[in-house]
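**Q** got a structure for you, letters missing:
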C-alpha cells in the first residue's frame, strides 16, 4: 500500500546530541512537510519542501534543519536538541496541482522524541 | 494572520446522541480539511471541503462549509464509542498559511 513511513518510531537522545528523523513516501507527492506536535496541542508546521524548494516557517528555530535528497525521502535534523524539543514529529505529504490546489495531507505515524 | 478556532475544545457525550463541532477561521479560504487523531497516533484525513456549501458524509460524520460565514461544522450522528478521538480542522491552501485549529477532544461514553 502507498503510504508515508517514519523512522524511528521512538527516539531517545541526550541534551545537545544531534538527531536525525527520517520520512519516506510511496505516494509520489510533490510536497513533504514536517510538523512538531506537543501533548494536547495542534501540529505546528516547521517547514516543507515543494519538490526541491525548501520553505521555512518564520518561527522555526535554527536548530531545526531539513534535507530532501529525492522525491521519496525527507529528513529532519535537530542539531542540538533541548528539553523543549521533546515532542511527536509528524511527516506529511500532499500533491499540489497547478494553480496551487492542494489535496489533503497524508500523515506518517510519527516519531516520538525524548530528550534526556 | 490566519486564525482558526474550534468549539468546543472538549466534548463528552453519550452514545446515541447527536452533536456538532464548530470551526471558525479568520480570513478567506476556499479549502477546509478535517482530521482525526487517536491518542498517541498520527492524523487521519476525514474530509476535504472545497467550496461554499460543500457537504460530505462518511458514516456517522458529516462536514459542511460556509465560506461566507468562515465556518465549518462537523456533525456527529448517533455517536458510538469508536468515535472518541481528537478532531482537528485545518484551513489554507498551498502558498497560503496552512493552520490547524486547536482540536476538539471528543469522548463518547456508554
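**A** Here it is on my side, so go on. Note that the structure is predicted; figures quoted are calculated from it, not measured.
**Q** does the residue nearest to residue B:107 when sequence neighbours are not counted sit in a helix, a strand or a coil?
**A** Nearest non-adjacent residue to residue B:107, counting by Cβ to Cβ, 6 or more residues apart in numbering or on different chains: residue B:12, 4.7 Å away. For the C-beta atoms, the positions are set from N, CA and C on the backbone; glycine is no exception. Classification of residue B:12 using DSSP: H, G, I helix; E, B strand; the rest coil returns strand.
**Q** please tell me how far residue B:12 sits from residue B:109.
**A** 6 Å (Cβ to Cβ, to the nearest Å).
**Q** same question for residue A:101.
**A** Taken as Cβ to Cβ, the span from residue A:101 to residue B:109 is 40 Å.
**Q** residue A:103 too?
**A** 35 Å.
**Q** and residue B:49, by the same measure?
**A** 29 Å.
**Q** what bridges to the most centrally placed residue in chain A?
**A** Chain A has residue A:34 as the residue nearest its centroid, 2.5 Å off, counting by Cα atoms, centre = their mean. Per DSSP bridges, the residues bridged to residue A:34 are residue A:47, residue A:91.
**Q** roughly how far does it sit from residue A:75?
**A** From residue A:34 to residue A:75 the distance is 9 Å (Cβ to Cβ).
**Q** overlap in contacts of those two?
**A** Common neighbours of residue A:34 and residue A:75 (criterion: Cβ atoms under 8 Å, 6 or more residues apart in numbering or on different chains): A:23, A:66.
**Q** how about the residues of chain B near chain A?
**A** Contact residues, chain B versus chain A (Cβ under 8 Å from any Cβ of the partner chain): B:31, B:33, B:35, B:41-45, B:48, B:88, B:92-95, B:98, B:100-103, B:105.
**Q** in strands, which of those residues appear?
**A** Residues of these located in strands (DSSP state E): B:33, B:35, B:43, B:44, B:45, B:48, B:88, B:100, B:105.
**Q** helix, strand or coil: sort out the closest residue to the fifth one other than its chain neighbours for me.
**A** To tie it back to what came earlier, the one meant is residue B:45. Nearest residue to residue B:45, sequence neighbours excluded (Cβ to Cβ, 6+ apart): residue A:104, at 4.4 Å. Going by three-state DSSP, the secondary structure assigned to residue A:104 is coil.
**Q** next, the contact list for residue A:104, please.
**A** So, once contact is read as Cβ under 8 Å, 6+ apart, residue A:104 ends up touching A:94, B:33, B:45, B:48.
**Q** low-confidence regions, chain A specifically.
**A** A:1-2, A:100 (pLDDT under 70).
**Q** and for chain B?
**A** Residues of chain B meeting the criterion pLDDT under 70: B:93-97.
**Q** could you pull out the strands in chain A for me?
**A** Under DSSP E, chain A gives strands at A:4-7, A:10-13, A:19-25, A:31-37, A:44-50, A:53-56, A:64-67, A:73-78, A:87-94, A:106-107, A:111-115.
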